[in-house]
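**Q** take a look and give me a structure for this.
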Amino acid sequence: MDLLLLDGGAKHTRKSMTDRRTDAGLVIGEVQPVNACLRVFECTVPG
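**A** Numbering: from 1, shown residues only. This next block holds a predicted model:
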C-alpha cells in the first residue's frame, strides 16, 4: 500500500508519518531511508 499518497493525494512528510503512527499507539524505533522518497519505519505495539 502506498501510504505516501493517502492524505488527499499529497505526499506525507516524515513528521506526518511519525505522527500518524504514534497517534495509532505504535512505538517508533528506527526510521531507515530506502531511497530519496521512501522510508521504512520500525514500529512496535506496546504491551
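
**Q** distance of the spatially most central residue of the chain relative to V27?
**A** Against the mean C-alpha coordinate of the chain, by C-alpha atoms, centre = their mean, the closest residue is M17 at 3.6 Å. M17 is 14 Å from V27, where distance means C-beta to C-beta, to the nearest Å. (Glycine included, C-beta is placed from N, CA and C.)

**Q** what do you get for E42?
**A** For E42 relative to V27 (C-beta to C-beta), the value is 10 Å.

**Q** which phi and psi does the residue nearest to the centre of the chain have?
**A** Main-chain torsions, M17, degrees, to the nearest 10: phi -70, psi -40.

**Q** from F41, how far off is it?
**A** Distance from M17 to F41, by C-beta to C-beta: 7 Å.

**Q** kindly report the same for D23.
**A** In terms of C-beta to C-beta, D23 sits 13 Å off from F41.

**Q** between these two, who's got more neighbours?
**A** F41 (16 against 8; other C-beta atoms under 10 Å).
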